[in-house]
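Engineer: This is a predicted model, with the sequence first.
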Amino acid sequence: MRSQGILVGLAVSACVLAGCSSDSSVSEAPAGSSDASVPLNYVALGDSAASGPRIPNQVGVPGCQQSDANYPHVLAEDLAVGSFVDVTCSGAVTENILSTPQETSSGEVPVQLDALTPETDLVTVTIGGNDIGLVSTAVQCLTFADTSAANVCKDRLTAGGVDTVAAAIEDKAPSWGAMLDAVGERAPDARILVVGYGTYLPDGGCFPTQPMLPEDADYIQGSITAMNDALQTQAEEHGAEFVDTEPLSVGHDVCVAADQRYFEGVVPQNPAAPLHPTAAGMAAIGAAVASAVRAG
């Protein structure tokens, strides 16, 4: 039964990577006061780490797997924004923000950049994980065996002295900067926040609770940190800000009790996609981004 559950989890992960997605939703934020004297016009861009696949309630175009409890919705409510457009979509890559409509299980969705206007005041974007194949790489590292050196995924991914994930990050980083420039051109007066990826795994992981060897768990989380570092560099060099979600999610990784998780494990115990944020995680990220907006 355990292996069957893990296979189901992997199938869901593959669906997310393939682009099970949801379209844009436009809504008025609930009435209320905010620190800003004028309500903000807010647009959310990004992939499944922002859209919230399988978190109730799913809204918008079914293919994008977008939740009304994702961090953009949490942020919009917290700030009592004047207008809110959420075009986050599971499976999105940078090109889907910048120039290429995204094919999803329920049809094509427009380029996310099209949601921006000169009146946009605030933009959040979470992107990069699908560019470097983050989830598919993590899935490759899952194993039930803990004895054979051949099972160490890190060794395969760094064979010959070449770290394939690090190389992918280096290759894709310039496109993140170009995307931020394009956001700034479409919304010249907007404040742009790049929201990073969190602490999915603790030091050494928790084999066999999550079926990944300690060396591989450290390699995957280290790769997430490296991607965040690259995203932060691009944000700083292209007129945006970076919101680091790794510190706030320490102790809320896939290894802790289900009611403490900000990210789900291979076999979800909360209504969330495997290796993706939970509703609690989205709430924490949304609160952190709101704090960053107010602090600025």
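Structural biologist: Now that the structure is in, tell me what you want to look at.
Engineer: Can you report phi and psi for the residue sitting nearest the centre point of the chain?
Structural biologist: With distances taken as Cα atoms, centre = their mean, the residue of the chain nearest its centroid is Ala49 (2.3 Å). Phi and psi for Ala49, reported as degrees, to the nearest 10, are phi -70, psi -20.
Engineer: My reading is that Val165 is in a helix; is that accurate?
Structural biologist: Yes: membership of Val165 in a helix is supported by DSSP: H, G, I helix; E, B strand; the rest coil.
Engineer: show me the contacts for it.
Structural biologist: Ile132, Thr137, Leu157, Ser223, Ala226 (Cβ atoms under 8 Å, 6 or more residues apart in numbering). Quick note: C-beta positions are derived from backbone N, CA and C, even for glycine.
Engineer: Of those residues, which belong to helices?
Structural biologist: Thr137, Leu157, Ser223, Ala226 (DSSP state H).
Engineer: Let me know whether the first one touches Ile224 as I believe.
Structural biologist: If I follow you right, that is Thr137. No: between Thr137 and Ile224 there is no contact, the gap being 10.4 Å when judged by Cβ atoms under 8 Å.
Engineer: These two - which one has more neighbours?
Structural biologist: Between Thr137 and Ile224, Ile224 has the larger neighbour count (other Cβ atoms under 10 Å), namely 23 against 19.
Engineer: what's the nearest residue to that one if we skip its chain neighbours?
Structural biologist: Using Cβ to Cβ, 6 or more residues apart in numbering and skipping the chain neighbours, the partner closest in space to Ile224 is Tyr197 (5.3 Å).
Engineer: Ok, Ser67 next?
Structural biologist: Per Cβ to Cβ, 6+ apart, closest to Ser67 is Gly52, 3.2 Å.
Engineer: The one you found: neighbouring residues, count only.
Structural biologist: Based on other Cβ under 10 Å, the number of other residues close to Gly52 is 35.
Engineer: Surely it and Gly60 touch.
Structural biologist: No: taking contacts as Cβ under 8 Å, Gly52 lies outside contact range of Gly60: 10.7 Å.
Engineer: Look up how far Gln221 lies from the residue nearest to Ser67.
Structural biologist: Distance, Gly52 to Gln221, using Cβ to Cβ, to the nearest Å: 21 Å.
Engineer: Repeat that for Gly296.
Structural biologist: From Gly296 to Gln221 the distance is 28 Å (Cβ to Cβ).
Engineer: ditto for Val87
Structural biologist: Relative to Gln221, and taking Cβ to Cβ, Val87 is found at 29 Å.
Engineer: and those two? which has more neighbours close in?
Structural biologist: The neighbour comparison of Val87 against Gln221 (other Cβ under 10 Å) goes to Val87, with 32 against 22.
Engineer: wait, doesn't the more buried one sit right on Ala44?
Structural biologist: Yes: judged on Cβ under 8 Å, Val87 makes contact with Ala44 at a distance of 6.8 Å.
Engineer: how many other residues sit next to Ser105?
Structural biologist: Ser105: 17 neighbours (other Cβ under 10 Å).
Engineer: from memory it sits against Gln65, does it?
Structural biologist: No: Ser105 is not in contact with Gln65 according to Cβ under 8 Å; the separation is 9.0 Å.
Engineer: Mind listing what's buried along stretch 174-182?
Structural biologist: By 16 or more other Cβ atoms under 10 Å, the buried positions in stretch 174-182 come out as Ser175, Trp176, Gly177, Met179, Leu180, Asp181, Ala182.
Engineer: Run the chain-centre distance for it.
Structural biologist: 17 Å (Cα atoms, centre = their mean, to the nearest Å).
Engineer: Tell me who's in contact with the residue nearest to Ser67.
Structural biologist: Here Gly52 is in contact with Gln65, Gln66, Ser67, Ala69, Asn70, Tyr71, Thr88, Ala272, His276, Pro277, Ala279, Met282 (Cβ under 8 Å, 6+ apart).
Engineer: so what's the backbone phi/psi at the last one?
Structural biologist: If I follow you right, that is Met282. Phi and psi for Met282, reported as degrees, to the nearest 10, are phi -60, psi -40.
Engineer: and it, what is it in contact with?
Structural biologist: By Cβ under 8 Å, 6+ apart, the neighbours of Met282 are Gly52, Ile55, Ser67, Ala69, Asn70, Tyr71, Val74.
Engineer: Excluding chain neighbours, what is closest to it?
Structural biologist: Per Cβ to Cβ, 6+ apart, closest to Met282 is Tyr71, 4.6 Å.
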